[in-house]
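**Q** Mind looking at a prediction? Sequence and model below.
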Amino acid sequence: MTITITAFERSPDGGKGLARDTRVRWALEEVGLPYAVRLVSFRAMKEGAHLALHPFGQIPTYEEGDLALFETGSIVFHIAQRHAGLLPDDANARARAITWMFAALNTVEPAILELATARIVEGDKPWTKESLPLVADRVREKLKQLSARLGDADWLDGAFSAGDLMMVSVLLRLKPSGILDEYPNLSAYVARGEARPAYKRAFAAQLAVNTGKPPAG
Ligand code: GTB
């Protein structure tokens, strides 16, 4: 059955892979599922056809037969549940991998989004000069805790899982800030994620959309 996802017609990051279709592409690449991409403009995202798929008028969405999903957590979980490669077979290990997906989205990502909002959306506001260091420290607190848990392991709980895919995707958003470099084991963790062939294919595919050039190779 054809899988179709949506992505920005032109991502504001110009193809750095920070828009959330990248994590869905990555999950699909990890499990070896082919997919099609429908590109949507900012205007189309807020109109009827897209709103029927995504009530909040955002990307990405996921269509497979008569199933339509939104929210990257739900989409990646759906892919991971139905296809081998992203969740362990052992029930307890599987539950822990799912826990890391939730931790990435509910505990780590909100702090990172707050920082992105302070820097990009509110960068010119009078209060940002004072609030930015506080917001950055809230991110550091989460990174310190995550770094302590990861230690010198390659992945968060044994083999690479959907939990790592989501955590690396969330942490990638920090790259432009330089904060990630303060935690060498976390920057190495993110680099390990980026080095995965499936991530490289996902990144190249979204870059091709944003540069108009087909992926190399
Ligand atoms: N919780 C939802 C999910 O995980 O699926 C959030 C989806 C979401 O935020 N989608 C964004 C969107 O559609 C794109 S990814 N925004 C348009 C809108 O709300 O009108 C967020 C994003 C956008 C741009 C960059 N960037 O340029 O660096 C990074 C991340």
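**A** Everything's here; your move.
**Q** contacts, neighbours, all on C-alpha from now
**A** Fine.
**Q** Spatially nearest residue to the residue most central in space within the chain (excluding sequence neighbours)?
**A** For the chain, Ser169 is the residue whose C-alpha lies nearest the centre (CA atoms, centre = their mean; 3.6 Å). Distances taken as CA to CA, 6 or more residues apart in numbering place Arg23 nearest to Ser169, at 6.2 Å, with adjacent residues excluded.
**Q** what's the spatially closest residue to Arg38 that is not a sequence neighbour in contact with, if anything?
**A** Nearest residue to Arg38 in three dimensions, chain neighbours excluded: Thr6, at 4.8 Å (CA to CA, 6+ apart). By CA atoms under 8 Å, 6 or more residues apart in numbering, the contact list for Thr6 reads 21, 37-40, 59-62.
**Q** Can I take it that Thr6 is in a strand?
**A** Yes: judged by DSSP: H, G, I helix; E, B strand; the rest coil, Thr6 forms part of a strand.
**Q** Which pLDDT does the model give it?
**A** According to the prediction, Thr6 has pLDDT 98.
**Q** what sits up against the longest helix that the chain contains?
**A** Assignment by DSSP state H gives helix 128-150 as the longest helix of the chain. Applying CA under 8 Å, 6+ apart, the external contacts of helix 128-150 come out as 107-108, 111-112, 114-115, 118-119, 122, 156, 179-180, 183, 185-186.
**Q** Report the two of those separated the most.
**A** Taking CA to CA as the measure, the contacts of helix 128-150 span a maximum distance of 33.2 Å, between Glu122 and Leu156.
**Q** how about the helices in the chain?
**A** Taking DSSP H to define them, one finds helices in the chain at 21-31, 42-45, 48-53, 72-82, 91-102, 109-116, 128-150, 162-172, 184-195, 197-211.
**Q** what angle separates the last one from helix 21-31?
**A** When you say that, I think you mean helix 197-211. Put simply, helix 197-211 runs at 140 degrees to helix 21-31, going by axes from the mean of the first three to the mean of the last three CA atoms, to 10 degrees.
**Q** Contact residues of this structure facing the ligand?
**A** The chain comes close to the ligand at residues 11-13, 18-20, 58-60, 71-73, as judged by CA under 6 Å from any ligand atom.
**Q** neighbour-wise, which of those residues leads?
**A** The most crowded member of the residues of the chain next to the ligand is Pro60, carrying 28 neighbours; neighbours defined as other CA atoms under 10 Å.
**Q** wait, doesn't that residue sit right on Ser74?
**A** No: if you go by CA atoms under 8 Å, Pro60 and Ser74 don't touch, sitting 11.1 Å apart.
**Q** pLDDT weak spots in this protein?
**A** Along the chain, the model assigns pLDDT under 70 to residues 217.
**Q** Need the outlier residue of it, farthest from its centre.
**A** Most distant from the centre of the chain: Pro126, at 30.6 Å, with distances by CA atoms, centre = their mean.
**Q** Please tell me how far it sits from Leu115.
**A** Distance, Pro126 to Leu115, by CA to CA, to the nearest Å: 16 Å.
**Q** same check, this time on Gln81
**A** Distance, Gln81 to Leu115, by CA to CA: 32 Å.
**Q** okay, these two: which has more neighbours?
**A** A direct count of neighbours by other CA under 10 Å for Gln81 and Leu115 places Leu115 higher, at 25 against 15.
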